[in-house]
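Trainee: mind folding the following:
(one chain, ligands or ions: 1)
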Amino acid sequence: MSPRTPVARIAATSRYLPERVLTNADLEDMVDTSDAWIRERTGIRERRIADDDTGAAAMGAQAACGALQKAGLSARDVDLLIVSTATPDRLLPTTSCAIQAMIGASRCFAYDLQAACTGFLYALTMAEGQIASGRAENVLIVSTEKMSTIVDWDDRATCILFGDGAGAAVVQPSTNGEGILSSYHSSDGSLAELITRPAGGAALALTPERLRRREHMLQMSGPAVFKAAVKAMAGASAKAMQAAGLEADDIDLLVPHQANARIIEATARYARVPMDRVFVNLHRYGNISSATIPVGLDEAVEQGRIGPGSHILMAAFGAGLTWGAMAMRW
Ligand code: UT7
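Mentor: Okay, the predicted model is just below:
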């Protein structure tokens with residue numbers, strides 16, 4: 001496949017992280033775990049937790065306003081608003097419509113996209129398609145996750161992993177050859193049981209018994225997800241690099257989904273990208289699901305690790321299973 005001419009680029013990014021910090025030491029008081037185990041097995045040191053009255057839409061709106069401001073746009077300039085979230089404020093209507101109302105993006109159409117931790121990359125591809133078709137010029141992507149509301153705080157195998165936060169990106173038509181060079185996405189619904197919230201939807205309505213058994217909370221087969229994640233992210237990264245005509249040496253920064261430091265290291269090893277060219281902020285935020293990549297992009301730009309002309313590779317995986325990778329010239 002020959003590299004395509006970019007049609008869409010990220011014009012600006014922003015992020016919102018709640019102020020409250022939950023450290024590994026705090027978790028030692030909550031479940032049978034230790035700071036040493038969490039750091040060694042995951043790389044996480046602390047994560048952010050939103051207040052009770054701050055939902056996914058409120059966090060997302062903060063990130064959205066920051067990205068619009070940096071892009072020099074007003075909310076009324078937005079043609080399309082895509083919100084990726086696994087933790088919608090309510091099941092109906094969408095979190096995207098809530099954010100639309102909060103920020104005053106009155107001209108756009110807005111929808112939620114659910115692809116768990118891969119949501120930002122799926123959304124970026126949807127934005128690219130709308131721009132390519134001429135239907136939209138200013139697309140706002142918001143990835144916002146209040147993972148603390150779906151985590152079972154008595155389950156040490158999962159509660160140590162996740163945090164809350166939001167990232168946003170403004171996507172616009174490419175102007176000078178910068179933008180998305182390639183993308184590879186995939187999903188496998190036969191592996192749905194590896195990460196799931198079984199109850200609370202249309203199939204298994206909430207009952208007192210299901211609530212008591214916490215079937216509405218996140219359940220995960222950690223080691224099986226770990227293996228699937230490495231395979232998926234490594235494979236997708238190789239395909240995205242090949243489709244973009246890029247070698248590992250060409251990649252200025254790999255911005256991977258932040259789930260586990262060992263998954264990130266294995267992905268980088270397979271992609272042959274040395275760790276000094278891999279963005280990692282997992283130790284500070286834990287896994288913020290689909291918000292990890294836009295938050296990472298925003299911090300990397302701020303730190304000068306991404307600038308005009310940089311070649312970046314993004315890779316993610318999550319519940320579904322879903323996964324993907326994208327190469328981009330900044
Ligand atoms: O965005 C996608 C979301 N999901 C992921 O990315 C998760 C991918 N998986 C992982 O990151 C890892 O599998 C975990 C971090 C979840 C677990 O690490 P692991 O090295 O795969 O540990 P394990 O599940 O195989 O458990 C090893 C031991 C077990 O004890 P025994 O049976 O050997 O006695 C667990 O009970 O560690 C125990 N354990 C813990 N010990 C202390 C599990 N969780 C904890 C904990 N503190 N928090």
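Trainee: for the stretch 51-200 of the chain, which residues are neighbours of the ligand?
Mentor: Contact residues, the stretch 51-200 of the chain versus the ligand (C-beta under 6 Å from any ligand atom): 117, 156-157, 160, 195. All C-beta atoms are positioned from the backbone trio N, CA, C, and that covers glycine.
Trainee: in the residues you listed, find the pair that's most separated.
Mentor: Cys117 and Arg156 (20.5 Å; C-beta to C-beta).
Trainee: so which of the two has more stuff around it?
Mentor: Cys117 (30 against 15; other C-beta atoms under 10 Å).
Trainee: am I right that that one is in a helix?
Mentor: Yes. Assessed with DSSP: H, G, I helix; E, B strand; the rest coil, Cys117 lies in a helix.
Trainee: state the distance from it to Cys65.
Mentor: Cys117 is 24 Å from Cys65, where distance means C-beta to C-beta, to the nearest Å.
Trainee: what's near enough to touch Leu206?
Mentor: 199-200, 216 (C-beta atoms under 8 Å, 6 or more residues apart in numbering).
Trainee: against Pro198, how distant is it?
Mentor: As judged by C-beta to C-beta, Leu206 and Pro198 stand 11 Å apart.
Trainee: and the gap between Arg90 and Ala67?
Mentor: Arg90 is 24 Å from Ala67, by C-beta to C-beta.
Trainee: those two - which one has more neighbours?
Mentor: Taking other C-beta under 10 Å, Arg90 and Ala67 do not tie; Ala67 has more neighbours (25 against 11).
Trainee: check which helix or strand covers the more buried one.
Mentor: Ala67 is part of helix 56-71 when elements are defined by DSSP states H and E.
Trainee: buried residues, that helix. List them.
Mentor: 56-68, 70-71 (16 or more other C-beta atoms under 10 Å).
Trainee: whichever helix or strand comes after that helix: partners in the sheet, and parallel or antiparallel?
Mentor: Note on helix 56-71: by DSSP H and E, the next helix or strand toward the C-terminus is strand 80-84. Next to strand 80-84 in the sheet, as set by DSSP bridges, lie strand 109-113 (parallel), strand 139-146 (parallel).
Trainee: which one of the ones you listed is the most hemmed in?
Mentor: Comparing the strands paired with strand 80-84 by mean neighbour count (mean count of other C-beta atoms under 10 Å), strand 139-146 comes out on top with a mean of 32.
Trainee: let me see the mean pLDDT of stretch 14-24.
Mentor: Across stretch 14-24, the average pLDDT comes to 98.
Trainee: let me fix that: stretch 107-122
Mentor: Averaged over stretch 107-122, pLDDT sits at 98.
Trainee: same check, this time on stretch 80-96
Mentor: Here the average pLDDT along stretch 80-96 is 97.
Trainee: helix, strand or coil for the residue in the stretch 1-150 of the chain that the ligand sits nearest to?
Mentor: Relative to the ligand, the nearest point of the stretch 1-150 of the chain is Thr33 (3.3 Å; C-beta to the nearest ligand atom). Assigned by three-state DSSP, the conformation of Thr33 is coil.
Trainee: show me what contacts it?
Mentor: 24, 27, 156, 160.
Trainee: and the nearest residue to it once chain neighbours are set aside, its phi and psi?
Mentor: Excluding the flanking residues, the one nearest Thr33 by C-beta to C-beta, 6 or more residues apart in numbering is Arg156, at 4.9 Å. Main-chain dihedrals, Arg156, degrees, to the nearest 10: phi -70, psi -20.
Trainee: what sits against Arg156?
Mentor: Contact analysis of Arg156 by C-beta under 8 Å, 6+ apart lists 31-33.
Trainee: nearest to Gly222 among those residues?
Mentor: Of all these, Thr33 has the smallest distance to Gly222: 13.2 Å, by C-beta to C-beta.
Trainee: and the protein, what are its domains?
Mentor: 8-176, 180-329 (automatic domain parsing).
Trainee: need the residues that contact the helix ranked longest in the chain.
Mentor: Longest helix in the chain, counting residues (DSSP state H): helix 222-244. Residues from elsewhere that reach helix 222-244 (C-beta under 8 Å, 6+ apart): 1, 3, 157-158, 181-186, 191, 194-195, 247-248, 251, 254, 256-257, 259-260, 262-263, 266-267, 270-271, 313, 315-317, 321, 323-327.
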